[in-house]
Structure formats: C-alpha cells, structure tokens
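1. Need the 3D shape of this:
(2 chains)
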Amino acid sequence: MIASGERDTSGAMAPPASRPDRPAPGDSWPIRLALAVALLAFLTGLGAWWAGLVQDGTIGNAGLILRSEERDGDRVVLSLVRVLEIRGPERWRVAEGDLELDVIGPAAERRAGEELTVVGRWDAERRAVVAAEVHPAPGRRAKKWLGVAGLVALAALLPLWIRPSRGGLRLDG
Amino acid sequence: MADLVTHLCTALLPGAFLRGRALGAVVLGTALPDLISRVPPLGLELVERLGVARVPDVVLLPWGIFHEPVALVPACALLALAFVRRDRLLAFAGLLGGCALHLGLDVLQDHHGHGYFLLAPCSLERYELGLIGSEATVSIALPLAFATFVTWSTVARRRQQRIFDGGDEGR
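-> As a prediction, the model looks like this:
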C-alpha cells in the first residue's frame, strides 16, 4: 500500500498519474476551505473599508451634506441620478441611492423619474448643486434590459463550458 | 459601465475563433465585475422597495469596490478554488482575462470624470479614457450579439464540414 504523497517506484499496476476528480496531495478540502475563508475575509474587510469611505463622504456625494461648508464650490458629478420632483422653475430634487440632493438649473425640460448625469458645483449656502451641464440618459432602461438578457444568456451558455464533477467544477472547451 | 450583452460579446466573438478550454472562464470573467458589484445591491434595493425588509447601509454600501481590480483578483481566486486542481490555474487566468476585458471596455467610457478606482486602495483617483459615451454600447449590443451568433454558427458549420471531409478522406 502506498501512503499519500509517496511515489510508487514498482511500476506495476500503478494508477494514472493525475486523476482530476481525485484531490491531489496538498489539495485536500481543508486547505481549499482555509484559502477560501482567507479570501472571503479579505473581501469582507475590503467591503467594510469601502462602506466606511462612502459613509464618511470620502467616496460619493454624501460628503456634500456631511461637510457642506468645507465642500463649498467643489466640482460635483451626480452620475446617473433619478429626478424625484420639480421644486420650482430653477430647482429640482434628485436621488442617488438613499442620498437626496437639490439641483439648481432650468427645470423646464426635466420630469420626475428621468435619469441623468449632472455636472456642477456645490453651493453650501443654498445647499444645492448648481448645474453647469445636464446629460440625460435615455438609454438606461434599455441598458437594464440588456443586463437581464445578458444574465439569461450567461446562465444558458456557461453549462456548455463549465461542468460540475466530483472534485469541483471542470472546464470543457 | 457598458451593458452585459456587449461585455459577453467581447469574449464570445473572438472566442469563436480562439476556442479553448478557458473560454467558459473568460466569458464568466467578462460578467463577473457586474455580477458581484451590481446584482447584489440591486437585489437588496428591490427587497427594500418591496417592503420585505429594511436593508442597513452597511450591507448596501460595500459593493462598489467589487468592480475594481483590488477586489476582482481575490474574487477570481476564490472562484477558481471551486474548480478541480487540473483546471484551477487556467480558470483563474481565464477569469482574470475576462475581468480585464470588462474593465478595458468600461474605462473607454466617458462618465464626466466619474471613472473607475483602478488603483484603489493605493489611490482614490478615478480613471477613464472618455472615448465613448456611457450609453454608446446600447445601440450596438443587439447587432453585436447577432454578429456573434452568426460567427459561431459559421465557424461551427465549417468545423463540422472539415471533420466530415477528413472522415471521408480517411475511408
């Protein structure tokens, strides 16, 4: 009998050198599990760090509200935000996730529910973004449907090339 | 970000000619950044919108980083661990290649300076080339998908024909 990791030098009745279905020495499930846990822990830490940056306004636009005076005059990009309501001929409100901000700019062409990108400057006194450019994004809905179609296509195609086997997933050309 | 159909086509179209065992991993890699950074928060927001549960910010906010290289490399490694030993390195390389295709296409877009954190966590600068609009791929997605389908059909038919001809010669 040959112990795991030892080489059979007899040559007689030797099993095939590599059996992809069978875990090789040093590839046991505890090692894979430990690696997976370490990678998951790293990704979780990374996510927590990122969430902290978003919450304290370092990333994203929450800082406009949290440090309004400090950010006065800063260039702001409200990327692909949704118009919530028209508040007057020169003022409308947009939502970026949970964050809601007022925008100062012509409201005649705006309508609630519209998605757009606003480039402008933060005005701390008026607590609003003064819009310099407004770029409507009329293709957002189509893009979302293409996303759904892509997911369906991916789910249909992947089983052709990636198949489950005893030792894990296997690539098939 | 570009749409998912176009992302898939960036791997599938050349994949019709360069078929290899890594193709599945590359195709999955082209979708992976959006799968792990956009799909979970969209699902969580839907849960909240439907009134099923209130999702705390700490659960909603971390996902953005998973579209950046610093998270994609370990995510590909994690996914590659699910493959058998023989295929693991190839799967990892294929997934990384797919992610690189994805980011390469996204970085071409113009988000008015609101680009991608390619060097996070070393730098929180945003990067983009601004060569095409953020919705530019929407109009080409379906023609591109059709072209990909036609290319795959043609290449498969020619391959079958070659096998058939080779079989005939062998007789």
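2. all contacts plus neighbour counts: C-alpha atoms, from now on.
-> Noted.
3. Specify the helix with the largest residue count in chain B.
-> In chain B, assigned by DSSP state H, the helix with the most residues is helix B:138-170.
4. So which residues of chain A form strands?
-> A:75-88, A:91-96, A:99-104, A:115-123, A:128-136, A:162-165, A:168-171 (DSSP state E).
5. how far out from the middle of the chain is the last one?
-> When C-alpha coordinates are averaged (C-alpha atoms, centre = their mean, to the nearest Å), strand A:168-171 and its chain have centres 26 Å apart.
6. Repeat that for the fifth one.
-> With C-alpha atoms, centre = their mean as the basis, the distance from the averaged C-alpha position of strand A:128-136 to the chain average is 25 Å.
7. Alpha carbons of the helix or strand of chain A at the bottom of the mean pLDDT ranking, as PDB, please.
-> Of all the helices and strands that make up chain A, helix A:63-66 has the lowest average by mean pLDDT, DSSP states H and E, namely a mean of 90. The C-alpha trace of helix A:63-66 is given here as PDB (Å, rounded to 0.1, in the frame of the first residue of the first chain):
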ATOM      1  CA  GLY A  63     -19.800  64.500   1.900                       C
ATOM      2  CA  LEU A  64     -21.800  67.300   0.400                       C
ATOM      3  CA  ILE A  65     -24.300  67.100   3.200                       C
ATOM      4  CA  LEU A  66     -21.900  65.900   6.000                       C
END
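8. Need the residue closest to the centroid of chain B.
-> Most central residue of chain B, judged by C-alpha distance to the mean C-alpha position with C-alpha atoms, centre = their mean, is B:Thr30 at 1.3 Å.
9. pLDDT below threshold where in chain B?
-> In the predicted model of chain B, residues B:167-171 satisfy pLDDT under 70.
10. What parts of it come near chain A?
-> B:3-5, B:8, B:19-25, B:28, B:57-58, B:61-66, B:71, B:74-75, B:77-78, B:81-87, B:91, B:111-114, B:135, B:138, B:141 (C-alpha under 8 Å from any C-alpha of the partner chain).
11. one more time with 6 Å, if that's ok
-> Selection of chain B residues close to chain A by C-alpha under 6 Å from any C-alpha of the partner chain yields B:3-5, B:20-21, B:24, B:61-62, B:78, B:82-84, B:86.
12. got JSON lines for those, with secondary structure and neighbour count too?
-> As requested, the residues of chain B next to chain A are arranged in JSON lines below (DSSP: H, G, I helix; E, B strand; the rest coil; neighbours: other C-alpha atoms under 10 Å in any protein chain shown):
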{"residue": "B:Asp3", "secondary structure": "coil", "neighbour count": "26"}
{"residue": "B:Leu4", "secondary structure": "helix", "neighbour count": "29"}
{"residue": "B:Val5", "secondary structure": "helix", "neighbour count": "28"}
{"residue": "B:Gly20", "secondary structure": "coil", "neighbour count": "13"}
{"residue": "B:Arg21", "secondary structure": "coil", "neighbour count": "18"}
{"residue": "B:Gly24", "secondary structure": "helix", "neighbour count": "29"}
{"residue": "B:Leu61", "secondary structure": "coil", "neighbour count": "20"}
{"residue": "B:Pro62", "secondary structure": "helix", "neighbour count": "23"}
{"residue": "B:Leu78", "secondary structure": "helix", "neighbour count": "21"}
{"residue": "B:Ala82", "secondary structure": "coil", "neighbour count": "19"}
{"residue": "B:Phe83", "secondary structure": "strand", "neighbour count": "24"}
{"residue": "B:Val84", "secondary structure": "coil", "neighbour count": "25"}
{"residue": "B:Arg86", "secondary structure": "helix", "neighbour count": "16"}
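13. Looking at these, point me to the pair that's furthest apart.
-> The most widely separated members of the residues of chain B next to chain A are B:Gly20 and B:Leu61, with 37.6 Å between them, by C-alpha to C-alpha.
14. what phi and what psi does the backbone show at the closest residue to chain A within chain B?
-> Closest to chain A within chain B is B:Arg21: 3.8 Å, counting by C-alpha to the nearest C-alpha. With angles defined as degrees, to the nearest 10, B:Arg21 sits at phi -70, psi -20.
15. Now B:Glu68. Its backbone dihedrals?
-> B:Glu68 has phi and psi values of phi -110, psi 160 when expressed as degrees, to the nearest 10.
16. same thing with A:Arg67?
-> Backbone dihedrals for A:Arg67, given as degrees, to the nearest 10, come out at phi -130, psi 60.
17. Show me the helices in chain B, by range?
-> B:4-15, B:23-37, B:39-49, B:57-60, B:69-80, B:85-107, B:138-170.
18. okay, those, which one's buried deepest?
-> Per-residue neighbour counts averaged over each of the helices of chain B give the maximum for helix B:23-37, namely a mean of 25 (mean count of other C-alpha atoms under 10 Å in any protein chain shown).
19. Can you name the residues of chain A sitting close to chain B?
-> Counting by C-alpha under 6 Å from any C-alpha, chain A comes close to chain B at A:20, A:36, A:47-48, A:50-51, A:143, A:146-147, A:150, A:161, A:167-173.
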